[in-house]
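Undergrad: Any chance you can model this:
(one chain, ligands or ions: 1)
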Amino acid sequence: MKNILTIVGARPQFVKAAVVSKALSEIGINETIIHTGQHYDYEMSTVFWEELNLPSPSVNLEVGSGLHGAQTGLMLEKIERYILNLESKPDALIVYGDTNSTIAGALVASKLHIPVIHIEAGLRSFNREMPEEINRVVTDHISTLLFCSSNEGVQQLEKEGISENVFNVGDVMYDAILTFSEISSRKYSLNDLVQFGENEFYLATIHRPSNTDSEENLNEILTAFSNIDAPVVWPVHPRNRKKLRGKDVPRNIYMLEPVSYFKMITLLKNCRAVLTDSGGLQKEAYWMKKPCITIREETEWVETLHGGWNQITGASKEKIVNAVKTKTVTIWKPLYGDGKAAKAIASELNEYFKI
Ligand code: UD1
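TA: You can find the predicted model right below:
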């Protein structure tokens, strides 16, 4: 049996790991999970582990918040020490997506000659001002096995000279939404969460530094939200909390604490459309057949733009309001796999490592 180490640290990674961990254990792979502690509030971390039934991490490195250098540096030091103290060297290390936990895990493993497995590889925004873009590029270039969500990722990696051990398996977040959708509906009804009915509200999330840390952009977004035709339900990321303090929040905006994954799915299923700068939520809106307005200058998930399902507005009040008014969608086609990405990953690993 092979021993695989997994590094997670931020909210979306708990969701991805939930389905992959299950698939790994079904195939007999022994997995140890390390939580870097990048996200640490109950609502940003613990609730996901509880709801998604994730195997407990063998360690929480409690790295917490910090500047990028300090946060990543602390992760590097702590992950390395943890691995060096293990009785035997892991056969491989899994990282997900594009966070500081991703790059830290990948860097440590590659320097210890442990093969890196990158799930959600080949994704690009082509905006190097985003910390996530740097994390993606570097992680891809030091990975041994690369799992992409679509053919776009495979082609991008090829352009960058990476073509060995690259697989298009689909997106594990699609597996997650299919797996947990029914359970979410059984656990929560819309009434438990908000006072609005089906299709009576928009669902918003904002957490990118380019929006939260720019006073101008945040004001544009608030003005846009106050000028659209229905209430906006907004689970607020901790990054926003401080920035919004003291601001005049328009009366049609209903702010919530960050919500759990099951609550999020329930809100998503019932909203009229989504307003977001999140990567994951753009795909989830698509899978739930909800129009999405992406408050960024670009998207990595370019496939979602077809048929008007996703519109890019940047943080411009006019563009956001206009996109909400004109949202019309045409044909929906399946994107990012068939909901069996985790199984495909487990089976490729089985083959590669001859478990
Ligand atoms: C990170 C990822 C991003 C991912 C996002 C999902 C990086 C560079 N970015 O950004 O790719 O899409 O997670 O949410 O890794 N905070 C709390 N409580 C928490 C967590 C964070 O108060 O539980 C606060 C911190 O004090 C900090 C801010 O939120 O001021 C941002 O935390 P950070 O760790 O940088 O992550 P995200 O911005 O969430």
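Undergrad: is it true that K325 lies in a helix?
TA: Yes. The assignment for K325, made by DSSP: H, G, I helix; E, B strand; the rest coil, places it in a helix.
Undergrad: Tell me how many other residues surround it.
TA: Other residues near K325 come to 10 when the count uses other CB atoms under 10 Å. The way it works is simple: take the backbone N, C-alpha and C, and place the C-beta from them, glycine included.
Undergrad: ok, now D213?
TA: Neighbour number of D213 under other CB under 10 Å is 12.
Undergrad: mind checking how far it is from the ligand?
TA: When distance is defined by CB to the nearest ligand atom, to the nearest Å, D213 is 10 Å away from the ligand.
Undergrad: Identify the residues contacting that residue.
TA: Counting by CB atoms under 8 Å, 6 or more residues apart in numbering, D213 touches R239, K243.
Undergrad: okay, it: pLDDT?
TA: Per-residue pLDDT puts D213 at 92.
Undergrad: And the average pLDDT for stretch 43-58 is what?
TA: In the prediction, stretch 43-58 has an average pLDDT of 95.
Undergrad: and it, which residues are buried?
TA: E43, M44, S45, V47, F48, W49, E51, L52, L54, P55, P57 (16 or more other CB atoms under 10 Å).
Undergrad: Stretch 242-253 now?
TA: So, applying 16+ other CB under 10 Å, buried residues of stretch 242-253: K243, L244, I253.
Undergrad: do stretch 199-214 as well
TA: F201, Y202, L203, A204, T205, I206, H207, R208, S210, N211, T212.
Undergrad: Kindly report the same for stretch 111-124.
TA: Within stretch 111-124, the residues that count as buried by 16+ other CB under 10 Å are I114, P115, V116, I117, H118, I119, E120, A121, G122, L123, R124.
Undergrad: pretty sure I27 is in contact with A346, am I right?
TA: Yes. Contact criterion CB atoms under 8 Å: I27 and A346 qualify, at 4.5 Å.
Undergrad: So which of the buried residues of stretch 199-214 are in strands?
TA: Y202, L203, A204, T205 (DSSP state E).
Undergrad: which stretches of the stretch 201-350 of the chain form helices?
TA: For the stretch 201-350 of the chain, the helices defined by DSSP state H, counting those that start in this stretch occupy 209-212, 215-226, 238-244, 261-270, 279-287, 317-326, 341-353.
Undergrad: Quick check: which of the ones you listed is buried the most?
TA: helix 279-287 (a mean of 23; mean count of other CB atoms under 10 Å).
Undergrad: now that one against helix 261-270, angle please.
TA: On the basis of axes from the mean of the first three to the mean of the last three CA atoms, to 10 degrees, helix 279-287 is oriented at 40 degrees to helix 261-270.
Undergrad: average pLDDT across helix 279-287?
TA: Average pLDDT, helix 279-287: 98.
Undergrad: where does the stretch 251-355 of the chain dip in pLDDT?
TA: 355 (pLDDT under 70).
Undergrad: between the buried residues of stretch 199-214, which is nearest G339?
TA: Nearest to G339 among those, counting by CB to CB, is L203 at 22.2 Å.
Undergrad: neighbours of the closest residue to that closest one other than its chain neighbours, just the number please.
TA: Nearest residue to L203, sequence neighbours excluded (CB to CB, 6 or more residues apart in numbering): C271, at 3.9 Å. For C271, the tally of surrounding residues (other CB under 10 Å) stands at 26.
Undergrad: Over to the one 5 residues further on?
TA: Applying other CB under 10 Å, we find 23 other residues in the vicinity of T276.
Undergrad: contacting residues for the nearest residue in space to it that is not next to it in sequence?
TA: Setting aside the residues directly before and after it, T276 is nearest to T205 in space (CB to CB, 6+ apart), at 4.8 Å. The neighbourhood of T205, defined by CB under 8 Å, 6+ apart, consists of W234, P235, H237, L275, T276, D277, S278, L281.
Undergrad: contacts for stretch 330-347?
TA: Residues contacting stretch 330-347 (CB under 8 Å, 6+ apart): 19-20, 22-24, 26-27, 29, 119, 147, 149-150, 167, 169-175, 178, 283, 286-287, 289, 303-304, 306-309.
Undergrad: Among these, which ones are in strands?
TA: Per DSSP E, the contacts of stretch 330-347 map to strands at I119, F147, F167.
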